[in-house]
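> A structural model of the following input is requested.
(chains A and B, ligands or ions: 2)
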Amino acid sequence: MVPIEISDVTLVYDTPSGKVPGVKNVNFNIDASEFVCIVGPSGCGKSTLLNIIAGFLSPVSGEIRIGGKAVTGHGMDRGVVFQDFAQLFPWRTALGNVTFGLEMKGVPKQERDTIAREQLRLVKLEKFTNSYPHHLSGGMQQRVAIARALAYNPAVLLMDEPFAALDAMTRDEMQRLLADVWKTTRKTVIYVTHNVAEAVYLADRVVVMSPHPGTVKAEVAIDLPRPRDPLSVEFLECQKELLRHLGHDVNAKETVN
Amino acid sequence: MTENGQRTRSLLRAAITLACAAAIYEVLARSGYFAPALLPTLPVIAHTFFASLADGSMIQHAVYTLYRVMFGFCLAVVVGLPLGILMARFQRVEGFFLPLVSALMPIPSFALVPLFMLWFGIGNLTTVLIVFYAATFPMVFNTWSGVRSVNPLWLRAAGCMGADENSLFWKVIIPGASPFIITGMRQAFLRAWIAVVGAEMIAASDWGLGWVIFDAKEFLNTDLMLAALVVIGGIGFLFERMVFGSLERATIQRWGMSRVAKG
Ligand SMILES: Nc1ncnc2c1ncn2[C@@H]1O[C@H](COP(=O)(O)OP(=O)(O)OP(=O)(O)O)[C@@H](O)[C@H]1O
Ligand SMILES: [Mg+2]
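Residues are numbered from 1 along each chain as shown, chains lettered A, B, ... in the order given. Ligands and ions are numbered 1, 2, ... in the order given. Next up, the predicted model:
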């Protein structure tokens, strides 16, 4: 929906035991309606970068522009989905969670219920509108979180390993669902993962990061037609290329997680 | 269905326990080892109990006591809830009040009754203030811990969705801290209920369940004392189970948050 420009972003964590580099001189752009995955080993600054884009952290230097506007804090032009299932409000039903953003926007009740139901249908949870989060499975809770982040219609969707805590089968299902949701909504998406197959399945482009300090190491465009077949030769080729960038010895280890 | 069955069974078990205790009491009372004036039998107590209900005096006493306890309890909630929240949200408020709370909390409210009596005289003011004193600290303490334990992810998520300070407070912090707030109210009521009877014994005149017990001692009316105890226990139990129990069922149990509040 809107492009994002990340220019020269650097962040250093100030901890009691000294300065810890988070990310350094990160530069890349994201087109409107593009799905970008950020992959990299643990500790390379993926979450840090996402939190800067979300506006939870402010960089030491550099800046981020969303639709030409510099980011100064969190804002309703971005929806965020976290990894932790506990992000939902347990005292609100699925519907109540999804309407929260609309409520803050001042949308009248009737209208926000209609919109929220629509969002829940998008993530295939129309039967669970009145369930409380503790009665939903982890995958369902993450779907509610996605619906919640989409409901107030932000231009950008930021996701930090939203499916990492799910079992493999549920995760595959969720990836298919997210691909569908993205196809319908055409949001600009930044999706953090450490799962290469997931990145190839979802992304238009994958940004590979490397640690110490956290920088962008490579950008790989994934030009496969959608919906993608994870068993096709081209898909595996893309995975191999990413793994090469991540420093794996591809020939020694054919299979990927 | 099963939940209802469980409740019936636990009620039944409670009834059996109570019946056993009553039987033992009755055996002791009839054993002849104790003077009947000191240990009246259950029928005597029951007779006194129903007579005091019939002439309305016991109800009148209970109403006085309930009035004092509710007044003091509500005051404690009105003061304790915001104070606990402010302490959790602002370092400076916490720094100022925490030592005060820590110092005052261990003082038994009963120990303050004579002092309060000198300051505020005999009657409602003193009893209400004692109740207020007893109930405030659990309220403050639990609210304080509750607000501090609100998941930061909820605040972050709400912030992303454009919540301002006001909505953050009412729609995230308060419900997020509700398991602790309800525990605080529960503890506060229990303390208040214990405190009011103690305070009435010394600092009330003519009315109140505590006063009944103290006054009955003068005339060796043990049956009346025991009847008043039954009422005290019964009302306390009713509040604990009915009022706070259903409040919990309607909120934190329904939301699946009650595990957080255990302890
Ligand atoms: N709150 C913090 N305080 C201090 N240092 C931090 C903090 N958060 C992250 N770091 C450090 O910043 C670096 C990047 O962390 P970040 O969480 O962004 O990595 P990540 O790529 O998301 O890792 P993972 O895949 O494990 O989630 C790490 O070296 C980490 O130790
Ligand atoms: Mg991370």
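
> how about the residues of the stretch 51-200 of chain A that lie near chain B?
A:54, A:56, A:74-76, A:78-80, A:82, A:84, A:86-87, A:89-91, A:100-101, A:103-105, A:132-135, A:148-149, A:152 (C-beta under 8 Å from any C-beta of the partner chain). From N, CA and C alone the C-beta is placed, and that goes for glycine too.

> which of the residues you listed fall in strands?
Counted as lying in strands by DSSP state E, out of these, are A:78-80.

> closest to chain B among the residues you listed?
For those, the closest approach to chain B (C-beta to the nearest C-beta) belongs to residue A:80, at 4.8 Å.

> quick one, what contacts the closest one?
Listed by C-beta atoms under 8 Å, 6 or more residues apart in numbering or on different chains, the contact set of residue A:80 reads A:54, A:74, A:149, A:157-160, B:156-157, B:160.

> on that earlier part again, now the ones in strands among the residues of the stretch 51-200 of chain A next to chain B in a markdown table, with distance to residue B:50 and pLDDT?
Listed next are these as a markdown table, based on distance: C-beta to C-beta, whole Å; pLDDT from 0 to 100:
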| residue | distance to residue B:50 | pLDDT |
| --- | --- | --- |
| A:78 | 69 | 92 |
| A:79 | 66 | 93 |
| A:80 | 65 | 94 |
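
> mind naming the longest helix for the chain?
Unless you meant another one, I'm taking chain A. Secondary structure assigned by DSSP state H gives helix A:168-185 as the longest helix of chain A.

> correction: the question concerned chain B.
helix B:57-89.

> show me what that helix is packed against.
helix B:42-54, helix B:91-104, helix B:124-148, helix B:174-203, helix B:209-218, helix B:222-238 (3 or more C-beta pairs under 8 Å, 6 or more residues apart in numbering or on different chains; DSSP states H and E).

> can you do 7 Å?
helix B:91-104, helix B:124-148, helix B:174-203, helix B:209-218, helix B:222-238 (3 or more C-beta pairs under 7 Å, 6 or more residues apart in numbering or on different chains; DSSP states H and E).

> low pLDDT regions in chain B?
B:1-3, B:259-263 (pLDDT under 70).

> what residue in it comes nearest to chain A?
Counting by C-beta to the nearest C-beta, chain B gets nearest chain A through residue B:256, at 2.7 Å.

> what's the pLDDT at the nearest residue to that residue once chain neighbours are set aside?
Sequence neighbours aside, residue A:134 is the residue nearest to residue B:256 in space, at 2.7 Å (criterion: C-beta to C-beta, 6 or more residues apart in numbering or on different chains). The score at residue A:134 is 94. That number is its pLDDT.

> surely residue A:134 touches residue A:92?
No - taking contacts as C-beta atoms under 7 Å, residue A:134 lies outside contact range of residue A:92: 11.4 Å.

> so between those two, which is more surrounded?
residue A:92 (19 against 14; other C-beta atoms under 10 Å in any protein chain shown).

> buried set for stretch B:28-44?
B:29, B:39-40, B:42, B:44 (16 or more other C-beta atoms under 10 Å in any protein chain shown).

> can you report how many residues lie near residue 108?
Let's take chain A. 9.

> please refer instead to chain B.
13.

> wait, does stretch B:167-179 contact chain A?
Yes - Stretch B:167-179 is in contact with chain A by C-beta under 7 Å from any C-beta of the partner chain, via B:167, B:175, B:178.

> pLDDT score for the residue nearest the centre of chain A?
Residue closest to the average C-alpha location in chain A (C-alpha atoms, centre = their mean): residue A:159, at 2.1 Å. With respect to pLDDT, residue A:159 scores 95.

> for it, name its beta-bridge partners.
Note on residue A:159: beta-bridge partners by DSSP bridges are residue A:81, residue A:191.

> correct me if wrong: it contacts residue A:81.
Yes - with contact defined as C-beta under 7 Å, residue A:159 reaches residue A:81; the gap is 4.5 Å.

> so who does residue B:225 touch?
B:213, B:216-217 (C-beta atoms under 7 Å, 6 or more residues apart in numbering or on different chains).

> what lies in contact with stretch B:132-147?
B:72-73, B:75-77, B:79-81, B:83-85, B:87-89, B:101, B:104-105, B:109, B:112, B:173, B:177, B:179-181, B:183-185, B:187-188, B:191-192, B:195.

> report the buried members of the residues you listed.
By 16+ other C-beta under 10 Å, the contacts of stretch B:132-147 give B:72-73, B:75-77, B:80-81, B:83-85, B:87-88, B:101, B:109, B:112, B:173, B:177, B:179-181, B:183-185, B:187-188, B:191-192, B:195 as buried.

> tell me the pLDDT of residue A:155.
At residue A:155, pLDDT is 91.

> pretty sure it sits against residue A:2.
Yes - here residue A:155 reaches residue A:2: they are 4.4 Å apart, a contact under C-beta under 7 Å.

> mutual contacts of these two, please.
A:67, A:188.

> show me what contacts the residue nearest to residue A:88 when sequence neighbours are not counted?
Closest residue in space to residue A:88, ignoring its immediate chain neighbours: residue A:133 at 4.3 Å, by C-beta to C-beta, 6+ apart. The contact partners of residue A:133, taken as C-beta under 7 Å, 6+ apart, are A:88, A:90, A:141, A:144.

> same check, this time on residue B:171
Contacts of residue B:171 (C-beta under 7 Å, 6+ apart): residue B:163.

> that one falls within a helix, correct?
Yes - according to DSSP: H, G, I helix; E, B strand; the rest coil, the state of residue B:171 is that of a helix.

> and it, how far is that from residue B:147?
14 Å (C-beta to C-beta, to the nearest Å).

> can you pull out the helices in the stretch 151-257 of chain A?
According to DSSP state H, counting those that start in this stretch, the stretch 151-257 of chain A carries its helices in the segments A:168-185, A:196-202, A:233-245.

> which ones among the contacts of residue B:225 also lie next to ligand 1?
For ligand 1, no contacts are drawn from those by C-beta under 6 Å from any ligand atom.

> quick one: which of those residues is most hemmed in?
residue B:213 (22 neighbours).

> quick one: contacts for that residue?
B:201, B:225, B:228.

> and if we set it to 6 Å?
B:225, B:228 (C-beta atoms under 6 Å, 6 or more residues apart in numbering or on different chains).

> what about residue 168, neighbour count?
Went with chain A since none was named. The burial count for residue A:168: 10, using other C-beta under 10 Å.

> should've been chain B
Residue B:168: 18 neighbours (other C-beta under 10 Å).

> in a strand, it, correct?
No - secondary structure of residue B:168 (three-state DSSP): helix, not part of a strand.

> apart from its chain neighbours, what residue comes closest to it?
residue B:158 (5.7 Å).

> give me the buried positions along whichever strand or helix holds the one you found.
If you go by DSSP states H and E, residue B:158 is part of helix B:152-160. By 16+ other C-beta under 10 Å, the buried positions in helix B:152-160 come out as B:154, B:156-160.

> same check on stretch A:147-167?
A:147-163, A:166.

> residue of the stretch 51-200 of chain B nearest ligand 1, please.
residue B:152 (11.7 Å; C-beta to the nearest ligand atom).

> the residue in the stretch 101-250 of chain A positioned nearest to chain B and ligand 1, how far apart?
When scored by C-beta to the nearest C-beta, the stretch 101-250 of chain A has residue A:134 as its residue closest to chain B, at 2.7 Å. The gap separating residue A:134 from ligand 1 is 26 Å, by C-beta to the nearest ligand atom, to the nearest Å.

> do the same with residue A:146
Separation of residue A:146 from ligand 1 (C-beta to the nearest ligand atom): 19 Å.

> same question, residue B:249
For residue B:249 relative to ligand 1 (C-beta to the nearest ligand atom), the value is 39 Å.

> would you mark the buried spots in whatever helix or strand that residue lives in?
Using DSSP H and E, residue B:249 sits in helix B:245-250. Residues of helix B:245-250 classed as buried by neighbour count (16+ other C-beta under 10 Å): residue B:248.
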